[in-house]
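**Student:** heads up, no residue letters with this:
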């Protein structure tokens, strides 16, 4: 963590408008950033050893502050109590979460009424807005309102909050009020080094959405690279270090074709998290699309009296990839799965040092992701990412003679889209719908005429006799010998 610069006494860091309840905290400033240190008391079993005066402080914090506390969730019947009061199901397995996170001095919580687009950091839930400047975005944070009215009477008026997916930070926590995001800085570049620039933008958008409530776009992200030296696991490790206990690693294959739905205990454990990292997924033959739909459905699940929502973003790691599957070309799968073909040869790349992942690094990464997810309503997916996501190792065969060209006129795009649809065996409408589900920036659906994919240009070429034989012998395979390919075609 960098040293603390100028500081001053700050007020109005809470969401309570009552002047008598304003909390006075010290606001620190450095390099345009502003933050305050989380003053919430130590958590967990230590609560029982507090004096009555300290316990009163905790009770005050529960009813007046945007923090999670102990007593609010100790009862295993809390889910039913919340359902009775608010008419909705509690979407988090908070009882198990609290037991596990007591010693970690970190909480993430949110109210069940009128949840505003917000993010949890430390023990606070923050609303945020982003100002886009010429030299980069500035993210401003404000604590979220917490208290709801209970129709059962004033004696039941309290915060109904539940713990979910903490971003574990050092104690005391450095909590943001204003962050100047350095998109060109060493922090982001080193963490996201294995990705191409277009993949970085798309990935940050998805992580920003995964951290933001209400969760709207859970998805499955595949890190694929065949050589084993592309930095797939390094990138996943970097993300887990930055997001702390908001991430869960699992060796259970959740999305491979042969995968089975986990037992209830495993599901509830994973449902506590924001991001699930699935190491070595068995997706070479195909994926289990029923499981993918369930994990990204935002649907409630219950087990042993606990409630949870399946709204996690899954990161899968694999060094094997299958060919295109026609059944997967539809808008339902298109909006749920993205594949990053990682082809940088990074050799002995090491993860971002654990001791260097301080509060500043975490806040820079989180703020950068929020700035990207706030800028685009839909995923800023490039055409390169979309083509590989849909066609996988068949991409060279399916797109032979078609190139990516952002200046391509509509008639070239229409012909190219028709050729690709014919080769894969689907209608143009179905193909375009799949791409539109990934990002509507990729397609054009005119009022009159056929829909098509933007940015494709068809280059007519004829195969020589040798070329025809070569294609037949290698049909369906991934081509690497580009020098040979140059000798078997001739422009018309």
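**Tutor:** Arrived safely, thanks for sending. Here the structure is a predicted model, which means the values were calculated and not measured.
**Student:** now residue 217: how far from residue 369?
**Tutor:** 13 Å (CB to CB, to the nearest Å). (Glycine included, C-beta is placed from N, CA and C.)
**Student:** who's more crowded, these two?
**Tutor:** A count of neighbours by other CB atoms under 10 Å puts residue 369 above the other of residue 217 and residue 369, at 26 against 19.
**Student:** right, and that one touches residue 204 too?
**Tutor:** Yes: if you go by CB atoms under 8 Å, residue 369 and residue 204 touch, sitting 4.7 Å apart.
**Student:** and residue 225, how far from residue 346?
**Tutor:** Residue 225 is 10 Å from residue 346, by CB to CB.
**Student:** now for these two: what residues contact both?
**Tutor:** residue 231 (CB atoms under 8 Å, 6 or more residues apart in numbering).
**Student:** so the two - more neighbours on which side?
**Tutor:** It is residue 225, of residue 225 and residue 346, that has more neighbours when counted by other CB under 10 Å, with 22 against 17.
**Student:** I'd say that one and residue 235 touch.
**Tutor:** No: Residue 225 is beyond contact range of residue 235, at 10.2 Å (criterion: CB under 8 Å).
**Student:** tally of neighbours for the nearest residue to residue 326 once chain neighbours are set aside?
**Tutor:** Sequence neighbours aside, residue 425 is the residue nearest to residue 326 in space, at 5.4 Å (criterion: CB to CB, 6 or more residues apart in numbering). Residue 425 has 10 neighbours, counted by other CB under 10 Å.
**Student:** how about residue 409?
**Tutor:** By other CB under 10 Å, neighbour count at residue 409 equals 9.
**Student:** residue contacts, it?
**Tutor:** Residue 409 neighbours (CB under 8 Å, 6+ apart): none.
**Student:** gap between it and residue 447?
**Tutor:** 18 Å.
**Student:** which other residues reach the helix ranked longest in the chain?
**Tutor:** Counting by DSSP state H, the longest helix found in the chain is helix 359-375. The contact list for helix 359-375, computed with CB under 8 Å, 6+ apart, reads 1-2, 33, 35, 119, 121, 128-130, 132, 137, 139, 167, 169-170, 173-174, 176, 179, 181-183, 185, 187-188, 191, 201, 204-209, 211-212, 242-244, 352, 380.
**Student:** what stretches of the stretch 351-492 of the chain score poorly on pLDDT?
**Tutor:** Applying pLDDT under 70 to the stretch 351-492 of the chain flags the ranges 461-463, 476-492.
**Student:** mind listing the strands in it by residue range?
**Tutor:** Along the stretch 351-492 of the chain, counting by DSSP state E, counting those that start in this stretch, strands occupy 402-404, 443-444, 452-453, 456-458, 461-463, 489-491.
**Student:** give me the nearest residue to residue 459, chain neighbours excluded.
**Tutor:** In space, residue 459 is closest to residue 401, 5.7 Å off (CB to CB, 6+ apart).
**Student:** give the full set of residues in contact with that neighbour.
**Tutor:** 419, 458-461.
**Student:** ok, and the most crowded of the residues you listed?
**Tutor:** residue 458 (21 neighbours).
**Student:** separation between that one and residue 424?
**Tutor:** 15 Å.
**Student:** over to residue 262?
**Tutor:** 33 Å.
**Student:** give the bridge partners for residue 404, please.
**Tutor:** residue 456 (DSSP bridges).
**Student:** quick one, what contacts residue 294?
**Tutor:** Contacts of residue 294 (CB under 8 Å, 6+ apart): 261, 310.
**Student:** ok, the residue lying closest to residue 415 once chain neighbours are set aside - contacts?
**Tutor:** Counting by CB to CB, 6+ apart, residue 415 lies nearest to residue 458, which is 4.9 Å off, once chain neighbours are set aside. Counting by CB under 8 Å, 6+ apart, residue 458 touches 401-402, 412, 415-416, 419.
**Student:** quick check on residue 175: phi, psi?
**Tutor:** phi -110, psi 140 (degrees, to the nearest 10).
**Student:** thought it was touching residue 121?
**Tutor:** Yes: in this structure, residue 175 is within contact of residue 121 by CB under 8 Å, at 6.0 Å.
**Student:** what residues are shared contacts of those two?
**Tutor:** Shared contacts of residue 175 and residue 121, counting by CB under 8 Å, 6+ apart, come down to residue 141.
**Student:** and the residue nearest to residue 326, how far is that from residue 448?
**Tutor:** From residue 425 to residue 448 the distance is 27 Å (CB to CB).
**Student:** follow-up on the earlier one: more neighbours, residue 262 and residue 424?
**Tutor:** residue 424 (19 against 16).
**Student:** shouldn't the more buried one be in contact with residue 391?
**Tutor:** Yes: here residue 424 reaches residue 391: they are 7.1 Å apart, a contact under CB under 8 Å.
**Student:** having no further points to raise, I will conclude here.
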